Structure formats: structure tokens, C-alpha cells
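>>> Model the following, please.
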Amino acid sequence: MSGITAVERDRFIGAMRQVASSVTVVTTDGAAGRHGATVSAFNSLSADPPSVLICLRADSRIARAVVENGSYCVNVLPETCADMAGRFAGAQDAELRDRFDGIDLLTTETICPVLAGSTAFHCALGASFEQGSHLILIGHVTDIFEGDTAPLTYMDGRFHRVLPHA
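Residues are numbered from 1 along each chain as shown. This is a model prediction of the structure:
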């Protein structure tokens, strides 16, 4: 970043806490095994071709598994699934051997786990590159599973529901 003066880290984090985001669980399965992690950095990228992007900590198990497996599924959690967000963020790792234990999964033709009730985007990994501490992954959407409720959101350290204006 030569020549660019970046804002202070604490100011950046404080401002980002005021930005609401959907809560997703990224899942993958394949040669590197089945993994899942709660991720807030997810966005639509393009409709032509249909593609999305996610950002994962570059040194994380989920990032290594997604790259090795070559595919992932972004599960946008329903508003009733704050507990599942915590589970896939590692809150129960001391008690659970497998984050998927007892979780309802859809039976699909895709290899990546699809969490029942979520709106899910199954993706073939298209490209990836590192930026700072994270890996930016671009996925070509190969299938979609429509959820049955409004999404769970996260802002200012808490979960929220999306409510329409009157």
C-alpha cells in the first residue's frame, strides 16, 4: 500500500460494526473433507455469469478445504438459526466432534452440504486471490436452493431480523 494512508484499524472496525450483513455458513466437501464455518463476507458478484464471492481467513481450515475441494456452498441462514451461526463459528467445538452432528441437511446432487431451511448457492471455485489476512474466492453458481424464511443478519455484535418498512 505504498503511498496510501490507511485509516486506523479500530476506526475501521467500529464503522464496519454498523454495517448489517447476512449470516452465512460456508460448507464444502471432497478430498479435503467436510467442513463448515460461519462467514459474514458474502456478496453477489455478477449475473452474467451467475457468480458470488466470499472472503475467508487465508490460514483457516475452511479456506484450505474449499481450495482443495474446488467447490463450496453458501448457506444464507434463516432468521431462526442464530444458534447454528454460533455452532459453525466454533462456539460448541469443545462439546462437538463434528459441527454437522444433528443438523438437518438437504439431500441434493451437490457434494457440498446444504443446510435445511437456508437459501443456498452451490458454487464451483472459479478464482481466488489473497488480500491482507483473507482469501477472496469467486464461485460460479451451479445450483440454488431457495429458503423458506427471511435471513438472519448480524450488526454491532448481535443478530437481527429483517423487517420490512410499513
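
>>> just for this structure, where's the confidence low?
In the predicted model of the chain, residues 1-2 satisfy pLDDT under 70.

>>> hey, where'd the strands end up in it?
For the chain, strands defined by DSSP state E occupy the ranges 21-22, 24-28, 35-39, 42-47, 50-57, 71-76, 119-131, 134-145, 152-155, 158-161.

>>> for those, which one sits closest to Glu109?
Across the strands of the chain, the minimum distance to Glu109, taken as Cβ to Cβ, is reached by strand 134-145, at 7.6 Å. Every residue, glycine included, has its C-beta placed from N, CA and C.

>>> list the buried ones in that closest one?
Under the neighbour-count criterion of 16 or more other Cβ atoms under 10 Å, strand 134-145 has His134, Leu135, Ile136, Leu137, Ile138, Gly139, His140, Val141, Phe145 buried.

>>> and if you look at stretch 33-47?
When burial is assessed from 16+ other Cβ under 10 Å, stretch 33-47 yields the following buried residues: Arg34, His35, Gly36, Ala37, Thr38, Val39, Ser40, Phe42.

>>> Out of the strands of the chain, which gets nearest to Arg9?
Of all these, strand 134-145 comes closest under Cβ to Cβ, at 14.4 Å.

>>> Other residues contacting that closest one?
With Cβ atoms under 8 Å, 6 or more residues apart in numbering as the test, strand 134-145 has contacts from 41, 45, 49-58, 63, 66-67, 71-72, 74, 106, 108-110, 114, 118-130.

>>> Please state the offset of it from the chain centre?
Centroid separation between strand 134-145 and its chain, computed with Cα atoms, centre = their mean, to the nearest Å, is 10 Å.

>>> Now that strand - C-alpha only, PDB.
Extracted C-alpha coordinates of strand 134-145, given in PDB (Å, rounded to 0.1, in the frame of the first residue of the first chain):
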ATOM      1  CA  HIS A 134      -8.000 -13.100   3.800                       C
ATOM      2  CA  LEU A 135      -8.500 -15.200   0.700                       C
ATOM      3  CA  ILE A 136     -11.100 -13.800  -1.700                       C
ATOM      4  CA  LEU A 137     -12.900 -16.700  -3.500                       C
ATOM      5  CA  ILE A 138     -15.100 -16.300  -6.600                       C
ATOM      6  CA  GLY A 139     -17.600 -19.000  -7.200                       C
ATOM      7  CA  HIS A 140     -19.600 -19.800 -10.300                       C
ATOM      8  CA  VAL A 141     -23.100 -20.600  -9.100                       C
ATOM      9  CA  THR A 142     -24.100 -24.100 -10.300                       C
ATOM     10  CA  ASP A 143     -27.200 -24.600  -8.300                       C
ATOM     11  CA  ILE A 144     -29.600 -22.700  -5.900                       C
ATOM     12  CA  PHE A 145     -31.800 -23.900  -3.100                       C
END
